[in-house]
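**Q** One predicted model, sequence on top.
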Amino acid sequence: MPKKTSQLQVGLLGPKVPLIFSDGTAIYNKLKKRYIAHKIGYFILAPSGAGKTHFIKKQKGADWIDGDQLWMVTKAHPKNEWWKESIEKINEIDQRCDVITQEAKNLGFWIMGASNYWLRPDAIVLPRWATHKKYIKMREENEYDGGAKSDTLSQVVAHRRWISKWKKSGVPRFLSVSEAVAYLKNKKMK
């Protein structure tokens, strides 16, 4: 999760704050001012360090939303290092993110992120392992903005296993974010 605070992630809740459902119209309208709401929403699932944030920062338009930003502004992510919690807590937070991702998709947003429990993604990205480790090391040594580091590779391996289950159920798998984006843009054109 990025450490930098953006205009969208103000007011994260503590990890023990009990949650409720509420009207998210104002938040989604604010997102519509910053990102394109398409006719069809998409979700690309990829583990930490696979190139999501890099791609989003380099995109020419405002098509793709970084899932971390979406989940922080909607308060699905708490304001602690929740990914270091127990698997039960991680699963709970990922389920909250799934609800938000589905709502955003319904509104036509294109989301790219690593939080997922039950929501079927439209594509998954799993780079070759050697490439993935290289990406993590490069980010760690250059412009670290959160996420997996070399000392948490075992957690990345477990998450890759979790994500690969979607391939078994027919979700297309790509080796890079760019490939997944091209596939979904092409799918949209048909």
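**A** Ah, there it is. Since this is a predicted model, take the numbers as computed values, not measurements. Residues are numbered from 1 along each chain as shown.
**Q** Tell me where this protein has strands.
**A** Secondary structure of the chain (DSSP state E): strands at 42-45, 64-66, 110-113, 123-125, 173-174.
**Q** lowest-confidence helix or strand of the chain?
**A** helix 129-141 (a mean of 87; mean pLDDT, DSSP states H and E).
**Q** on that earlier part again, most tightly packed of the strands of the chain?
**A** Comparing the strands of the chain by mean neighbour count (mean count of other C-beta atoms under 10 Å), strand 110-113 comes out on top with a mean of 27. Every C-beta, even on glycine, is put in place using the N, C-alpha and C of the backbone.
**Q** That strand pairs with which strands, parallel or anti?
**A** Using DSSP bridges, the strands paired with strand 110-113 are strand 42-45 (parallel), strand 64-66 (parallel).
**Q** about what we covered before: same for the least confident helix or strand of the chain, what does it pack against?
**A** Under the contact definition 3 or more C-beta pairs under 8 Å, 6 or more residues apart in numbering; DSSP states H and E, helix 129-141 sits against helix 153-168.
**Q** and the helix it packs on, how far from the chain's centre?
**A** Distance of helix 153-168 from the chain centroid (C-alpha atoms, centre = their mean, to the nearest Å) equals 14 Å.
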